[in-house]
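Visitor: Sequence and predicted structure are below.
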Amino acid sequence: MKLSVTCLTVMVSLIGGSPQPAEAHPHLFIDVSAKFMLTDSTLDCVNVFWELDEMTSAGLIEEFDANRNNRFEKQEYTILENEAFSYAAGSNFFTVVTWGKNLLRINETRHFVAIILPDKKIRYSFSIPLNIRLPELEQEKLVLFFNDPSMFVAFDLNKKMIQSAENSRWTGTVTFEKENYSDLILLRVQRKPQ
């Protein structure tokens with residue numbers, strides 16, 4: 001398959017191409033939304049939504065919308081996942097999750113879907129499995145942030161769309177901090193009074 005210049009740029013950035021520091025600047029801009037999903041006993045996963053910038057989206061639409069109908073069919077976004085998104089695995093999907101002294105190694109994502117929005121931007125949605133027992137988090141805060149050390153990818157949080165689901169036993173509260181130029185998402189969970 002012949003790849004566009006934009007697609008190659010995205011792929012190089014996703015496999016961890018590292019420029020000289022003086023040349024480092026973002027080539028890909030991603031707006032991020034997320035929702036933490038709680039079960040009765042675990043922080044099951046975080047559902048993540050990446051909205052890609054116009055230029056990157058245009059290149060990926062050109063490359064992967066094979067039937068040119070301005071939407072990704074399942075077969076098309078599966079190819080996009082395998083040929084572009086999957087390269088992010090080598091960079092922990094640009095995602096850092098910590099709580100207490102624990103650092104999560106992200107080995108997989110689930111339920112990947114890519115759609116073309118009306119403004120012709122692409123939105124990726126996927127889940128990052130966490131499976132952290134809620135009692136472990138009751139006295140800790142979970143920290144989540146998105147970062148590309150090579151500086152090829154810049155992430156911007158859509159803070160109004162960073163949320164935590166609730167259930168009958170637990171509630172989650174989301175706050176934000178900034179550290180070393182990264183926007184941190186902090187999650188605190190609390191048992192509901194019975």
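Guide: All right, it came through fine.

Visitor: what's the closest non-adjacent residue to the residue most central in space within the chain?
Guide: The chain has V48 as the residue nearest its centroid, 4.8 Å off, counting by Cα atoms, centre = their mean. Distances taken as Cβ to Cβ, 6 or more residues apart in numbering put A34 closest to V48, at 5.1 Å, once the chain neighbours are dropped. For the C-beta atoms, the positions are set from N, CA and C on the backbone; glycine is no exception.

Visitor: residues touching that neighbour, list them.
Guide: Residues counted as contacts of A34 (Cβ atoms under 8 Å, 6 or more residues apart in numbering) are V46, N47, V48, F49, L144, M161, I162, Q163, I185.

Visitor: So which of these are in strands?
Guide: V46, N47, V48, F49, L144, M161, I162, Q163, I185 (DSSP state E).

Visitor: Which of those ranks first by neighbour count?
Guide: L144 (24 neighbours; other Cβ atoms under 10 Å).

Visitor: hang on, the earlier thing: mind checking how far the residue nearest to V48 is from H27?
Guide: The gap separating A34 from H27 is 23 Å, by Cβ to Cβ, to the nearest Å.

Visitor: coming back round to it: pull the contacting residues for the residue nearest to the centre of the chain.
Guide: V32, S33, A34, T95, T109, Y124, S125, F126, S127, I128 are the contacts of V48 under Cβ under 8 Å, 6+ apart.
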